[in-house]
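Enquirer: got a structure for you, letters missing:
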């Protein structure tokens, strides 16, 4: 998943690891921790695969800065990841956001496919929430607990509906946009 983020950032141009780490921290938000222990092994793996290259840039009075550059193989890998279907996992929302931030580099068809896949994911989750509501409503359980679980599920449903509405509007906007 972070492969797509790094390759997408390098579509903009060469950069150093610290800058990538700072951008990644902003992209994933304040709750998820992205350490050097996460990023630098990923960068090493991307170099090993030939998707990015590394050069050392000498710094005055300090150690050399590692500068990363996207290779042609990395560009191909980026496009493969952009067209690959979204998996239904705990990381689906973040992966969608990574894809969406890279929409300027792909065709309208790829953007539409990503939006449609995410909308399907959201609709799948909404169906799941409805099925859990039906199940809990028919189960024998403490009424206070049932009421609170149903409130929690109502929250999930409202968030999912709002997200699905936004994605549907974005789909229409992208469809109507000129290439």
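Expert: Arrived safely. The structure presented is a predicted model; accordingly, all values stated were derived computationally and were not measured.
Enquirer: the residue nearest to residue 52 when sequence neighbours are not counted sits in which helix or strand?
Expert: Computed as CB to CB, 6 or more residues apart in numbering, the closest residue to residue 52 that is not its neighbour in sequence is residue 46, at 4.6 Å. For every residue, glycine as well, the C-beta is placed using N, CA and C. For residue 46, the host element (DSSP states H and E) is helix 36-48.
Enquirer: what packs against the very next helix or strand once past that helix?
Expert: Going down the chain from helix 36-48, the next helix or strand is strand 52-57, by DSSP H and E. Of the remaining helices and strands, those touching strand 52-57 by 3 or more CB pairs under 8 Å, 6 or more residues apart in numbering; DSSP states H and E are helix 2-12, helix 36-48, strand 65-70.
Enquirer: same thing but 6 Å
Expert: strand 65-70 (3 or more CB pairs under 6 Å, 6 or more residues apart in numbering; DSSP states H and E).
Enquirer: the strand it packs on versus strand 52-57: what angle between them?
Expert: 150 degrees (axes from the mean of the first three to the mean of the last three CA atoms, to 10 degrees).
Enquirer: residues in contact with strand 65-70?
Expert: Applying CB atoms under 6 Å, 6 or more residues apart in numbering, the contact partners of strand 65-70 are 10, 14, 16, 17, 52, 53, 54, 55, 57, 59.
Enquirer: give the buried subset of those residues as a PyMOL selection command.
Expert: The buried residues among those can be selected in PyMOL (16 or more other CB atoms under 10 Å) with this line:
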select buried, resi 10+17+52+53
